[in-house]
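Colleague: sequence first, then the predicted structure, then my questions.
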Amino acid sequence: MTHWQRVATTAVLVPLLASVCATAEAQARKKPAASAASAASAATAPAGAAVYAERFKTVCAACHGADGRSDMAGVPVLAGQPSLYVITQLFLFREGRRNNEAMIAMAKPMKDDDLRGFSDYIGTLPAVPAPPPATPPDASRMSKGQALAQQHKCVYCHGADLAGGQQVPLIGGQKEDYVRAALHGFKSGDRPAYTRAMTEALSQVPVEDLDVLAYYVANFTGK
Ligand code: HEC
Ligand code: HEC
């Protein structure tokens, strides 16, 4: 985790997570105290996780793929995303602050426990690398993209491996159409983010450089 990830997590996520956790605690307190607390939590925790694994398979996998990577256009890879990033995005969809019809419909009925259950489950999905491209990526676009990523300090927050951490998403190997739309969305203000990190990160990047950055990020394999 980079220093920035650690600072931003404490400063930004505490209010959101505090409210989510407070709700869970309040619900836990309402449960009958018939059995010993330790036995109860040992029994409920795995069952809760299994419920969200099952709901992911029956509901989310249709678009996102059972392993968290589908080929469907415009649908992002979820495999490898840190759970804290996922919970912030589900929260933004639920509140209608991040605009996507399909995902708003998914998130609207979710309770705080659902946000946590889904994000905890997604956080356990191992990263799934992109299938090898039919033709090797264009070397000159890759080196231009890499230079831009260094110049604009993408690795400062997303990590040298572009795998993210805490509330910063994995972007290495994310789908190109989706990354392109995300970058243009942050730049134009069409995609409101949870923090100002991306608006500021892109403030010095000319619009015409966004596509080559997306190309680099999507084709990034860590090598
Ligand atoms: C009908 C197709 C569809 C279904 C079903 C669906 N999603 Fe999505 N999901 C999308 C699309 C499309 C996006 C990208 C939205 C955008 O471009 O802003 C997305 C984005 C997301 C994101 C944000 C990812 C990122 O990198 O920012 C999360 C998290 C997510 N979905 C979780 C879920 C969960 C959990 C479920 C099941 C409860 C689910 N989705 C079901 C289509 C779907
Ligand atoms: C100051 C930290 C920071 C810097 C620098 C930064 N990012 Fe981000 N990035 C974030 C955070 C935090 C998010 C999550 C957005 C939110 O809050 O909703 C994000 C989101 C993204 C997303 C959306 C991913 C998804 O799954 O939807 C992409 C793509 C992205 N960043 C690419 C880049 C690129 C390319 C650069 C360099 C030009 C960059 N970032 C620089 C912190 C940063």
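Modeller: Noted; the coordinates are in hand. Ligands and ions are numbered 1, 2, ... in the order given.

Colleague: for this protein, which element, helix or strand, carries the lowest mean pLDDT?
Modeller: The weakest-scoring helix or strand in the chain, judged by mean pLDDT, DSSP states H and E, is helix 14-30 (a mean of 43).

Colleague: what ranges does this protein have for its strands?
Modeller: When assigned using DSSP state E, the chain turns out to have no strands.

Colleague: show me what from it comes close to ligand 1.
Modeller: 59-60, 62-64, 74-76, 78, 86, 89-90, 100, 102-103, 106, 118, 169, 181 (C-beta under 6 Å from any ligand atom). All C-beta spots, glycine's among them, are computed from the backbone N, C-alpha and C.

Colleague: give me the buried entries from the residues you listed.
Modeller: Neighbour counting over these (16 or more other C-beta atoms under 10 Å) leaves 60, 64, 75-76, 78, 86, 89-90, 103, 106, 118, 169, 181 as the buried ones.

Colleague: pick out the most distant pair among those residues.
Modeller: Of all pairs drawn from those, the one with the largest separation by C-beta to C-beta is 118 and 181; the distance is 22.2 Å.

Colleague: distance of residue 210 from residue 186?
Modeller: Using C-beta to C-beta, to the nearest Å, one obtains 9 Å as the distance from residue 210 to residue 186.

Colleague: which parts of the protein sit against ligand 2?
Modeller: If contacts are counted using C-beta under 6 Å from any ligand atom, the residues of the chain sitting beside ligand 2 are 4, 76, 88, 149, 152-154, 156-158, 167-169, 171, 174, 179, 182-183, 193-195, 197-198, 201-202, 205, 213, 217.

Colleague: PyMOL command to pick out the buried ones of those residues?
Modeller: For the buried members of these, the matching PyMOL selection, counting by 16+ other C-beta under 10 Å, is:
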select buried, resi 4+76+88+149+152+154+157+158+167+168+169+171+174+179+182+183+193+194+197+198+201+202+205+213+217
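
Colleague: on that earlier part again, restricted to helices, list the residues of the chain next to ligand 1.
Modeller: Of these, the ones assigned to helices by DSSP state H are 62-64, 86, 89-90, 102-103, 106, 118, 181.

Colleague: tell me how many other residues surround residue 122.
Modeller: Summarising burial for residue 122: neighbours were counted as other C-beta atoms under 10 Å, giving 24.

Colleague: pretty sure residue 82 is touching residue 164, no?
Modeller: Yes. The pair residue 82 and residue 164 qualifies as a contact (C-beta atoms under 8 Å) at a distance of 5.7 Å.

Colleague: isn't residue 123 right up against residue 83?
Modeller: Yes. Using C-beta under 8 Å, residue 123 makes contact with residue 83 at a distance of 2.9 Å.

Colleague: how close does residue 180 sit to ligand 1?
Modeller: The span separating residue 180 from ligand 1 equals 11 Å under the rule C-beta to the nearest ligand atom, to the nearest Å.

Colleague: alpha carbons only: can I get stretch 86-95 in CSV?
Modeller: Included here for stretch 86-95 are C-alpha records, laid out as CSV according to Å, rounded to 0.1, in the frame of the first residue of the first chain:
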residue,chain,number,x,y,z
VAL,A,86,-15.8,-2.0,-4.5
ILE,A,87,-17.8,-0.8,-1.6
THR,A,88,-17.2,2.9,-2.5
GLN,A,89,-18.5,2.2,-6.0
LEU,A,90,-21.5,0.2,-5.0
PHE,A,91,-22.3,3.1,-2.6
LEU,A,92,-22.0,5.7,-5.4
PHE,A,93,-24.3,3.6,-7.6
ARG,A,94,-26.8,3.1,-4.8
GLU,A,95,-26.9,6.8,-4.1
